[in-house]
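Chemist: Only the shape, not the letters, is given here:
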């Protein structure tokens, strides 16, 4: 029997007390699902993707902490995580990750063959990402692919096809992920330089702020183009304008590279994802009810 204290350790290991990662993974998945279904997603598919996102983001956090258990000791922000402090063993963490992934796979089995096939790619990306920061100068780009994979899966589940628009949305979201995860990496830049970890914040060097803003601008531009292709209306474009306003605010947070403000900017991206989703949903709602 697992006691309440142990459950609390597992909760922290899965970052359920910090749901920002779940939301940043969920918003683009919902963009894809609403676009694929033209505003009328299947409720069972919607439920599966919401639950699957929670499970796979939790599994990703667990495997990330397992992979970084020796590195996290040397980073101020992460040195008190459950595996690093020893309250959860590495073996327990692997078992928990496997259990979460298996539960997610059981959900996917209710979908079509194309979506099931894509789920194996999603699992590989989620479990391999933590190791990319050892050798890849832009692990945020790899994370962007992993965090975008819910989009083709959503199209596949809803339509049994992955059209070009889905891949354009993947590219747009990948750039958004690079932008916000670079802000996140700017928080730990000093520690990462000491221990030799590779991040986009380090790779961009003195152009880190410019890199974030450029990725955000291309992201918004691509989202505008996607709206043109999908014949979306005023509600959607107003959401993009609002998102751009939020991004300008993020620039004011990060331009001095203060770690606390960089972390605030990272968290602020939840509102960017949310407002774009509500723009898509509202636009289709207006079309369907008019």
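Modeler: In hand now; what should we look at? These numbers were taken from a predicted model, which means no experiment stands behind them. Numbering: from 1, shown residues only.
Chemist: any weak-confidence spans in this protein?
Modeler: Applying pLDDT under 70 to the chain flags residues 1-2.
Chemist: Show me where the stretch 51-200 of the chain has its helices.
Modeler: 82-85, 90-108, 113-132, 139-148, 150-159, 164-187, 189-195, 200-204 (DSSP state H, counting those that start in this stretch).
Chemist: how about CSV for those, with mean neighbour count and distance to residue 279 added?
Modeler: No exception for glycine: its C-beta is placed from N, CA and C like everyone else's. Below are those laid out as CSV (neighbours: other CB atoms under 10 Å; distance: least, CB to CB, whole Å):
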stretch, mean neighbour count, distance to residue 279
helix 82-85, 19, 38
helix 90-108, 17, 28
helix 113-132, 18, 26
helix 139-148, 24, 19
helix 150-159, 25, 17
helix 164-187, 23, 14
helix 189-195, 15, 33
helix 200-204, 22, 27
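Chemist: Please identify which of these is closest to residue 242.
Modeler: When the helices of the stretch 51-200 of the chain are compared for distance to residue 242 using CB to CB, the nearest one is helix 164-187, at 14.9 Å.
Chemist: just the angle between the closest one and helix 139-148, please?
Modeler: Orientation check (axes from the mean of the first three to the mean of the last three CA atoms, to 10 degrees): helix 164-187 against helix 139-148 gives 140 degrees.
Chemist: next one: helix 164-187 to chain centre, how far?
Modeler: 8 Å (CA atoms, centre = their mean, to the nearest Å).
Chemist: Same question for stretch 20-32.
Modeler: A distance of 6 Å separates the centroid of the chain from that of stretch 20-32, by CA atoms, centre = their mean.
Chemist: one step back: please render the helices of the stretch 51-200 of the chain as JSON lines that adds distance to residue 250 to the earlier fields.
Modeler: Formatted as JSON lines, the helices of the stretch 51-200 of the chain follow (distance: least, CB to CB, whole Å):
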{"stretch": "helix 82-85", "distance to residue 250": "30"}
{"stretch": "helix 90-108", "distance to residue 250": "31"}
{"stretch": "helix 113-132", "distance to residue 250": "23"}
{"stretch": "helix 139-148", "distance to residue 250": "16"}
{"stretch": "helix 150-159", "distance to residue 250": "23"}
{"stretch": "helix 164-187", "distance to residue 250": "7"}
{"stretch": "helix 189-195", "distance to residue 250": "17"}
{"stretch": "helix 200-204", "distance to residue 250": "14"}
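Chemist: Out of the ones you listed, the one nearest residue 222 is which?
Modeler: Here helix 164-187 is closest among the helices of the stretch 51-200 of the chain (CB to CB), at 3.8 Å.
Chemist: before we move on, the earlier item: indicate which one of the helices of the stretch 51-200 of the chain is closest to residue 270.
Modeler: When the helices of the stretch 51-200 of the chain are ranked by proximity to residue 270, the top entry is helix 164-187, at 9.3 Å, counting by CB to CB.
Chemist: Summarise which helices and strands the closest one is packed against.
Modeler: On a contact count with 3 or more CB pairs under 8 Å, 6 or more residues apart in numbering; DSSP states H and E, helix 164-187 meets helix 20-36, helix 139-148, helix 150-159, helix 200-204, helix 208-229, helix 234-254, helix 259-289.
Chemist: Quick one: closest of the helices of the stretch 51-200 of the chain to residue 258.
Modeler: helix 164-187 (9.2 Å).
Chemist: still on that earlier bit, point out the most buried one among the helices and strands packed on helix 164-187.
Modeler: Burial of those is given as mean neighbour count (mean count of other CB atoms under 10 Å); helix 150-159 ranks first at a mean of 25.
Chemist: Tell me the helices and strands packed up against that helix.
Modeler: helix 20-36, helix 43-67, helix 113-132, helix 164-187.
Chemist: same thing but 6 Å
Modeler: Applying 3 or more CB pairs under 6 Å, 6 or more residues apart in numbering; DSSP states H and E, we find helix 150-159 packed against helix 20-36, helix 113-132, helix 164-187.
Chemist: can you tell which of the ones you listed is closest to residue 93?
Modeler: helix 113-132 (11.7 Å).
Chemist: ok, residue 135 - contacts?
Modeler: Applying CB atoms under 6 Å, 6 or more residues apart in numbering to residue 135 gives no contacts.
Chemist: typo on my end, it should be residue 208
Modeler: residue 201.
Chemist: Quickly note the distance from it to residue 184.
Modeler: Separation of residue 208 from residue 184 (CB to CB, to the nearest Å): 12 Å.
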